[in-house]
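Trainee: return a 3D structure for these sequence lines:
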Amino acid sequence: MNMMPRNGVMPPRPVPTLLNISWPGRGCKNMLVQIVPSGDVLRKTAVMEARLRPMGFVRPAAQGVPPPFPSPDLLSLRAMIRRVTLGGDVYEVAGFGDDLSSLFHTSSGIPKFDIEVSGVMLPAPRPRANTQSSVNSDDDLVEP
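Mentor: Predicted coordinates:
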């Protein structure tokens, strides 16, 4: 049985990767994952982890009571890959591009990516004015 895709290119295989995800004001989370070596997949994984398990981010020892945080459902979350550690050396990856597979083949050991998650509050829905036309649905507009 031929396992080669029709276009002749094999899809990238997941590889072991260390993720150090930081969320300023919330904390950090370290993970060992099997992941496809692409910047897009790394960013989506970090955002998904922040959205699904926000309480898993551990704050470094802080003084006083931490401020309350909005629910991740109320935030538009983004992730940025800051740097990668390969064999003990740290590299900035800002201009590297999305395909990170070459980073996995050039080093011994498991690469560690530092990813920062940030979020901005989504705007609250605007209340509708309490007029006769707004009380009815848009399909049931009342003509004066």
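Trainee: give the buried residues for stretch 102-121.
Mentor: 103-104, 111-119 (16 or more other Cβ atoms under 10 Å). The way it works is simple: take the backbone N, C-alpha and C, and place the C-beta from them, glycine included.
Trainee: where does residue 100 fall, phi/psi-wise?
Mentor: Per-residue torsions, residue 100: phi -100, psi 10 (degrees, to the nearest 10).
Trainee: again with residue 45
Mentor: Residue 45 adopts backbone torsions of phi -60, psi -40, taken as degrees, to the nearest 10.
Trainee: is it true that it touches residue 37?
Mentor: No. In terms of Cβ atoms under 8 Å, residue 45 does not count as a neighbour of residue 37; the distance is 11.7 Å.
Trainee: anything in contact with each of the two?
Mentor: Overlap of the contact sets of residue 45 and residue 37 (by Cβ atoms under 8 Å, 6 or more residues apart in numbering) is empty.
Trainee: and the helix or strand harbouring residue 81, what does it pack against?
Mentor: With elements taken from DSSP states H and E, the one containing residue 81 is strand 75-86. Secondary-structure packing of strand 75-86 (3 or more Cβ pairs under 8 Å, 6 or more residues apart in numbering; DSSP states H and E): helix 39-52, strand 89-92, strand 112-121.
Trainee: for these, which one sits closest to residue 13?
Mentor: With distances scored as Cβ to Cβ, the stretch of these nearest to residue 13 is helix 39-52 (12.2 Å).
Trainee: the closest one to strand 75-86, inter-axis angle?
Mentor: Computed by axes from the mean of the first three to the mean of the last three Cα atoms, to 10 degrees, the angle separating helix 39-52 from strand 75-86 equals 130 degrees.
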